[in-house]
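can't give you the sequence, but here's the structure:
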């Protein structure tokens, strides 16, 4: 499968495209600073900003699927995720690409009830803008005719992968290693267990 990864230079994005390569997919990485960083990597590279519709279109062209690992530039960012999603949707529709899996966040929509009280306090104190932006991102993809999946991860850590991933919209969600989140993203892209749905992911407690 030919897959482009947006947000490829982020910590989760880098885990994700490397897992895609290991699984035998034809990978394109998209980001603002790629050439020097990934000069020796066996991936196609499209350098650009997700807010640049022409660059996004170039990244999506000739792909079979899209993985979106975008993050905001700050906790006050009200543009990158929602406008990036808008540009990605437009490019996918223009090029006839249907499948997209993207990272949202715990706390969006019904996943709020899955969070422990202390994470809710943190979100109310510091992350209301971020959650609102992820909500808009979900709305952009959900209102399209694409085959989308929104993945709402628990708090991300840099610990090694455990392989103990729980995907559920009912269980409490606390933390998950980025490597495990990446593994879930790659698996969902292929398995399509949660098409046109949002799903929360966390480590087994």
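Received it, and whenever you're ready, just let me know what you need. It should be emphasised that the depicted structure is a prediction, and the values quoted were computed from it without experimental measurement.

need the next SSE after the helix-or-strand element of the chain with minimal mean pLDDT, C-terminal direction.
The helix or strand of the chain with the poorest confidence is helix 117-126; it has a mean of 80 (mean pLDDT, DSSP states H and E). Heading C-terminal from helix 117-126, the first helix or strand you meet, by DSSP states H and E, is helix 128-142.

what's that next one packed up against?
helix 80-95, strand 99-103, strand 147-153 (3 or more CB pairs under 8 Å, 6 or more residues apart in numbering; DSSP states H and E). (Glycine included, C-beta is placed from N, CA and C.)

closest one to residue 1 among those?
Closest approach to residue 1 among the helices and strands packed on helix 128-142 (CB to CB): strand 99-103, 8.8 Å.

where in the protein is pLDDT low?
Along the chain, the model assigns pLDDT under 70 to residues 205.

packing partners for the least confident helix or strand of the chain?
Checked by 3+ CB pairs under 8 Å, 6+ apart, helix 117-126 has no helix or strand packed alongside it.

Tell me which of the helices and strands packed on helix 128-142 is the most buried.
Of all the helices and strands packed on helix 128-142, strand 99-103 has the most neighbours on average by mean count of other CB atoms under 10 Å, namely a mean of 25.

Partner strands of it and their direction?
With DSSP bridges as the test, strand 99-103 is paired with strand 65-68 (parallel), strand 147-153 (parallel).

Any chance of JSON lines for those strands, columns distance to residue 19?
JSON lines is the format used below for the strands paired with strand 99-103 (distance: least, CB to CB, whole Å):
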{"stretch": "strand 65-68", "distance to residue 19": "10"}
{"stretch": "strand 147-153", "distance to residue 19": "14"}
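
Great, nothing more from me.
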